[in-house]
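Student: 3D model of this:
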Amino acid sequence: MSEHAEMVTFDPVTAVTVPQLAALAHEIWFEYWPALIGANQTAYMVEQFQSQPAIERDMQEHAYEYWFVRAADDGRVVGYTGGHVEPQTNRFFISKIYLRAAERGKHIASAVVRFYEQSTCACTASSARSRLCTECSADGRITPGA
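Tutor: Down below sits the predicted model:
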């Protein structure tokens, strides 16, 4: 196992925590994208794809799954990730990996990708689940390799 494998844990986003996810998405998008695409385009993208209504729509209509990414050492939220099963291929499409500016460059995105690899590899060919297969700890948090 990699030296960075246990650096983060994953808390599933629920209907109750969607507002916190939308606020986090707004924060992360506005700390990074305006310098590249301008404030107006950033606002448009957040409204269309990262706002509370957009996240709720994707979860309800497109079976998106989201997770808060937390630092394992102190539980702080360092970012979020999400995706969905593509109906055509039955493969899990990683749509989003976003990290707060202070957390970038620490191999966290690599740990997120490993989370997906290990979670999907844990599924057996006989699994009828269309969702990402994961094993959760007793408190509902997902840890890579769990």
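Student: neighbours around residue 57, how many?
Tutor: A total of 13 residues lie near residue 57 under the criterion other Cβ atoms under 10 Å. From N, CA and C alone the C-beta is placed, and that goes for glycine too.
Student: host element of it?
Tutor: Element membership of residue 57, judged by DSSP states H and E, is helix 52-62.
Student: those strands in the protein, which residues are they?
Tutor: Assigned by DSSP state E, the chain shows strands spanning 8-12, 65-71, 77-86, 91-99.
Student: okay, the third one in PDB with CA atoms only?
Tutor: Presented in PDB, the C-alpha positions along strand 77-86 are these (Å, rounded to 0.1, in the frame of the first residue of the first chain):
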ATOM      1  CA  VAL A  77     -12.600  18.700   4.700                       C
ATOM      2  CA  VAL A  78     -10.000  19.100   2.000                       C
ATOM      3  CA  GLY A  79     -12.200  18.700  -1.000                       C
ATOM      4  CA  TYR A  80     -14.800  16.600  -2.700                       C
ATOM      5  CA  THR A  81     -15.200  14.000  -5.400                       C
ATOM      6  CA  GLY A  82     -18.000  12.400  -7.300                       C
ATOM      7  CA  GLY A  83     -19.200  10.500 -10.400                       C
ATOM      8  CA  HIS A  84     -21.700   8.100 -11.700                       C
ATOM      9  CA  VAL A  85     -22.100   4.800 -13.500                       C
ATOM     10  CA  GLU A  86     -22.300   5.300 -17.200                       C
END
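Student: The helix holding residue 57: which residues count as buried?
Tutor: Of all the residues in helix 52-62, those buried under the rule 16 or more other Cβ atoms under 10 Å are 54-56, 58-59.
Student: OK, contacts around the residue most central in space within the chain?
Tutor: Nearest to the mean C-alpha position of the chain, by Cα atoms, centre = their mean, lies residue 81 at 1.3 Å. When contacts are counted by Cβ atoms under 8 Å, 6 or more residues apart in numbering, residue 81 touches 10, 66-67, 69, 94, 96-98, 112, 115.
Student: follow-up on the earlier one: can you tell me which of the strands of the chain is nearest to residue 39?
Tutor: Closest of the strands of the chain to residue 39 is strand 91-99, at 17.8 Å (criterion: Cβ to Cβ).
Student: Which other helices and strands does that closest one contact?
Tutor: Contacts defined by 3 or more Cβ pairs under 8 Å, 6 or more residues apart in numbering; DSSP states H and E place strand 91-99 against helix 18-32, strand 77-86, helix 108-121.
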